[in-house]
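Student: my questions concern the predicted model and sequence given below.
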Amino acid sequence: MGVAVVAIVLVLTYPNLPTLEVLTDYRPKIPLRVYTADGHLIGEFGEERRSIVQIEDVPLVMKQAILAAEDERFYQHGGIDTLGMLRAAIMNLTSGGKKQGASTITQQVARNFFLSSEKTYTRKLYEVLLSFKIEHNLTKDQILELYVNQIYLGQRAYGFAAAASIYFGKPLKDLTAAEAAMLAGLPKAPSAFNPVVNPKRAKLRQQYVLRRMKEMGALDEKQHEAALKQTLVVKRETNDYAVHAEHVAEMARQMAADRFPEDVYSRGLRVFTTITRADQAAAYAALRRGVFDYDRRHGYRGAESYVDLKDVKSDQDEALDEILADIYGGEDLSPAIVLAASPKEVKAYRKGGDLITLSGDALKFANRMLDEKAPPNKRIRRGAVIRVQKDDKGAWQIVQMPEVESAFVSIDPQTGSIRALVGGFDFNKNKFNHVSQAWRQPGSSFKPFIYSAALEKGFTPTTIVLDEPIVFPASVTGSQAWEPKNYDGKYEGPMRLRTALAKSKNMVSIRVLQSIGTHYAQDYATRFGFEAEKHPAYLTMALGAGSVTPWQMVTAYATFANGGYRIQPYVVRDIRDDKDQILAQAQPTPAGIEELRIIDPRNAFVMDSLLRDVTIYGTAARASATLKRKDLAGKTGTTNEHVDAWFCGYQQTLTGCAWMGFDQPKDLGKGETGGAAALPIWINYMAKALKDVPESFPPVPEGMVSKEVVGAKGPAKEYFYKEHAPEEVPEQQAGDADSKPVD
């Protein structure tokens, strides 16, 4: 009678089971991935982190670990392990509940693809029937391949290939037996056995899997002992990207989502950007160093906050870890809780049970806040939350989370491809992209565009302009009187245009703009990509009082680097599907095409010469001195009250722009000019980016004449437009050449 009932159920139910198309034409959710131009992963977007692997590429030790943990008789049974089911049924009856039995791998595939998580006898029946159908239509290796790629393993990892990368930072093929056993233990309870959050339970589960591997003959005694003794290094952070390029990855994500809105995060799209790993790493390191250096120059601000340690002892790791879990750490600014503090020594606790002792040089930066007279709400004492960081020698020191922001971007001036882009100090702390979204005053870094305009009006590098105070009464300004000043308040009288730019003389820039006309200069600036409405046609334009983004500035400076062409910057090279077919591709128009020319090649040549003097003798002389090369050109920029600090510059093959300031504009501090705050970022980047690049200088364009120059810093021979060449080069003025340039 019982057999007849089962037969009837099978006859009625089996034909109504779902088709196996989802298995035979397996199309899992594969996230959108973003890569550098040289193929390194920098971003991943999607609910499921998954990397598809073919069964022949799954290492034997991983297969053995899976079978040991989940289904030792997988290759022998027909989809249902009868003995296992019998044991589970007895357990269910004796316990009085409906507990999940020991399912085979085939049953787990059926459950994962077709069934809900509800635990009922009806669902179990469907699971069994589906398992028979799967076994009838697919090979064992096909079933195991589906399992290996689909199963959830915690940390948003789906499949063992993704889990190997997320937990151990390595490809599946490189796993050891100990690591494979750890991963194989996860399907039973991904949260409970997660080695990141539950390392002790994960270890016990791993030991069980290793024992089962030994019992089934996958490991001998020696291999088993070695696996048990292996210390596993589990990644605490799930970010396994090759380099910090979060802002670039986000820009690429937005472009992909705009272009392919349907299933953009699940169809396996791959976006290749234009940045290179080496350039991006150099830019990120340079910006971080620049921000940290600025932060240290302005002193320690004190403890971030305080926690009540009344009922907490130093060995109560879990209680302290819970407190620290709510404090954002950043990449290398580890939060720590002070357990004891004196002017000579600080004992602190880091997440994970790490007790550290700080003394001597490690306390220098924070000495002021260890004093009894320090403000109570800032003093380092028991319960204080501080930041610690390892120095170059691996020793811990007290630091702090910087408040200032910064941005850096570099571009190939010939093609427009972005080589590196860092949109801020820490993407996870502040996702705002300061390269493309921050509208700031450029200060003196805008002066080259005024000078370039002046060259078209007949000015030359040797034109003499007066560097003396000037006052514009209310009758002229239309509002209130304006009395601009040089940065250092010093004036040197008549001087050549070349010297004035190198020294960033405000009075000269204003007089030049006054001469050529504000509306002409405003219109001229739009050639470089600046927006007219962001640069009102007032004399303040000479001092960079308009609004620009670093993206605009690096594009504009690229024109001087490439001989006068306006290129269009782009950060995405191409977008591909999961079969590596190109769906969309950038179509850059390189410099050299006359339709892109926006300034006379002679103008670009003269501006290059003027801007090289800035990096040799002027406000950015540190650049050439540090990098030991003469083919660098650029301009510093500092706005009123040190609100913004800039340096934009280039070598013929690479243009870069660095900015520093606060999101809520305020004074960066005394002496924090473009040369002090922004230039070091540019230098440190270029030191790596130009390491093997030979010096190069632009050729002299047609239509120019040269004349000897006597008694001046700068070139011994000056070049002029043929139609603007003076009969005699004006003599160098007293005091013109040797005073210190100040921006």
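Tutor: Ah, there it is.
Student: grab the most central residue of the chain for me.
Tutor: Nearest residue to the geometric centre of the chain (Cα atoms, centre = their mean): Ala245, 2.5 Å.
Student: leaving out chain neighbours, which residue sits closest to it?
Tutor: Distances taken as Cβ to Cβ, 6 or more residues apart in numbering place Ile42 nearest to Ala245, at 4.1 Å, with adjacent residues excluded. To be clear about C-beta, it is placed using only N, CA and C from the backbone, and glycine gets the same treatment.
Student: residues in contact with that neighbour?
Tutor: For Ile42, the contact set (Cβ atoms under 8 Å, 6 or more residues apart in numbering) comprises 34-36, 241-243, 245-246, 248-249, 273, 275, 280.
Student: quick one: low-confidence parts of the stretch 51-200 of the chain?
Tutor: 84-85, 87-89, 91-102, 116-123 (pLDDT under 70).
Student: try it again at 50.
Tutor: Scanning the stretch 51-200 of the chain with the threshold set as pLDDT under 50 gives 97-98, 100.
Student: residue ranges of the helices in it, please?
Tutor: Using DSSP state H, counting those that start in this stretch, the helices of the stretch 51-200 of the chain run over residues 60-70, 82-95, 105-114, 121-137, 140-150, 160-168, 177-184, 199-215.
Student: would you map out the domains in the chain?
Tutor: 51-229, 305-399, 407-724 (automatic domain parsing).
Student: can you pull out the residues in contact with the one helix or strand Phe605 maps to?
Tutor: Using DSSP states H and E, Phe605 sits within helix 601-616. When contacts are defined by Cβ under 8 Å, 6+ apart, helix 601-616 is touched by residues 448, 451-452, 455-456, 460-461, 497-498, 501-502, 504, 559-564, 620-621, 623-624, 630-636, 649, 698, 700-701, 703-704, 713-715, 719, 721.
Student: out of these, which are inside helices?
Tutor: 448, 451-452, 455, 497-498, 501-502, 559-561, 621, 623-624 (DSSP state H).
Student: tell me the gap between stretch 188-203 and the middle of its chain.
Tutor: Computed by Cα atoms, centre = their mean, to the nearest Å, the chain-centroid distance of stretch 188-203 equals 30 Å.
Student: give me the low-pLDDT residue ranges for this protein?
Tutor: For the chain (pLDDT under 50), the answer is 5, 97-98, 100, 734.
Student: show me which helix runs longest in it.
Tutor: Per DSSP H, the chain has its longest helix at helix 277-297.
Student: now do that one: which elements does it pack against?
Tutor: strand 405-411, strand 418-422, strand 654-661, helix 679-689 (3 or more Cβ pairs under 8 Å, 6 or more residues apart in numbering; DSSP states H and E).
Student: let's have these in a markdown table, adding distance to Asp308.
Tutor: Shown next, in a markdown table, are these (distance: least, Cβ to Cβ, whole Å):
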| stretch | distance to Asp308 |
| --- | --- |
| strand 405-411 | 33 |
| strand 418-422 | 38 |
| strand 654-661 | 37 |
| helix 679-689 | 40 |
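Student: looking at these, which is nearest to Met255?
Tutor: Closest approach to Met255 among those is made by strand 418-422 (12.5 Å; Cβ to Cβ).
Student: strands of the stretch 251-400 of the chain, start to end?
Tutor: 270-273, 305-306, 334-341, 345-350, 354-359, 384-390, 396-399 (DSSP state E, counting those that start in this stretch).
Student: now the angle from the fifth one to strand 384-390?
Tutor: With axes from the mean of the first three to the mean of the last three Cα atoms, to 10 degrees as the criterion, the two stretches strand 354-359 and strand 384-390 enclose an angle of 90 degrees.
Student: the longest one now?
Tutor: Orientation of strand 334-341 against strand 384-390 (the same axes, to 10 degrees) gives an angle of 120 degrees.
Student: may I see the buried residues of strand 334-341?
Tutor: By neighbour count on 16 or more other Cβ atoms under 10 Å, the buried set for strand 334-341 is Ser334, Pro335, Ala336, Ile337, Val338, Leu339, Ala341.
Student: tell me which of the strands of the stretch 251-400 of the chain sits most buried.
Tutor: strand 270-273 (a mean of 24; mean count of other Cβ atoms under 10 Å).
Student: how far does it sit from the chain's center?
Tutor: For strand 270-273, the distance to the chain centre is 15 Å (Cα atoms, centre = their mean).
Student: just checking, what packs against that strand?
Tutor: So strand 270-273, by 3+ Cβ pairs under 8 Å, 6+ apart, packs with strand 32-35, helix 246-259, strand 572-576.
Student: please identify the most buried of the ones you listed.
Tutor: It is strand 32-35: most buried of the helices and strands packed on strand 270-273 by mean count of other Cβ under 10 Å, with a mean of 25.
Student: contacts for that one, please.
Tutor: Counting by Cβ under 8 Å, 6+ apart, 41-46, 248-249, 252-253, 256, 264-265, 268-273 sit against strand 32-35.
Student: got the buried residues for stretch 185-205?
Tutor: For stretch 185-205, using 16+ other Cβ under 10 Å, the buried residues are Gly185, Leu186, Pro187, Pro190, Phe193, Asn194, Pro195, Asn198, Arg201, Ala202, Lys203, Arg205.
Student: over to that stretch now: how far is its first residue from its last?
Tutor: 6 Å (Cα to Cα, to the nearest Å).
Student: now swap in stretch 409-424 and tell me
Tutor: Start-to-end, stretch 409-424 (Cα to Cα) is 11 Å.
Student: repeat that for stretch 540-560.
Tutor: Start-to-end, stretch 540-560 (Cα to Cα) is 23 Å.
Student: residue numbering should commence at 10 henceforth.
Tutor: Yes, from this point I'll number from 10; that puts the last item at stretch 549-569.
Student: now that stretch, how far from the chain's geometric center?
Tutor: The answer for stretch 549-569 is 24 Å, by Cα atoms, centre = their mean.
Student: again, but for stretch 211-231
Tutor: 41 Å.
Student: stretch 181-200 now?
Tutor: The answer for stretch 181-200 is 30 Å, by Cα atoms, centre = their mean.
Student: repeat for stretch 380-400
Tutor: The answer for stretch 380-400 is 30 Å, by Cα atoms, centre = their mean.
Student: run through who's touching that stretch.
Tutor: 310-318, 336, 341-350, 352, 355, 357, 359, 365, 367, 375, 377-379, 405-410.
Student: hey, C-alpha coordinates of that stretch in CSV?
Tutor: Taking C-alpha atoms only, stretch 380-400 is exported to CSV below (Å, rounded to 0.1, in the frame of the first residue of the first chain):
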residue,chain,number,x,y,z
ASP,A,380,49.7,67.2,30.3
GLU,A,381,47.5,67.5,33.3
LYS,A,382,46.8,71.1,32.2
ALA,A,383,45.4,70.0,28.9
PRO,A,384,41.7,70.8,28.2
PRO,A,385,39.6,68.1,30.0
ASN,A,386,37.6,67.3,26.8
LYS,A,387,40.8,66.8,24.8
ARG,A,388,43.3,65.3,27.2
ILE,A,389,44.5,61.7,26.7
ARG,A,390,43.4,59.7,29.7
ARG,A,391,41.9,56.4,30.5
GLY,A,392,38.9,55.9,28.2
ALA,A,393,40.1,58.2,25.5
VAL,A,394,39.6,57.2,21.9
ILE,A,395,42.8,57.9,20.0
ARG,A,396,44.3,56.9,16.6
VAL,A,397,47.5,54.9,16.1
GLN,A,398,49.6,54.2,13.1
LYS,A,399,52.7,52.2,12.3
ASP,A,400,55.7,54.3,11.3
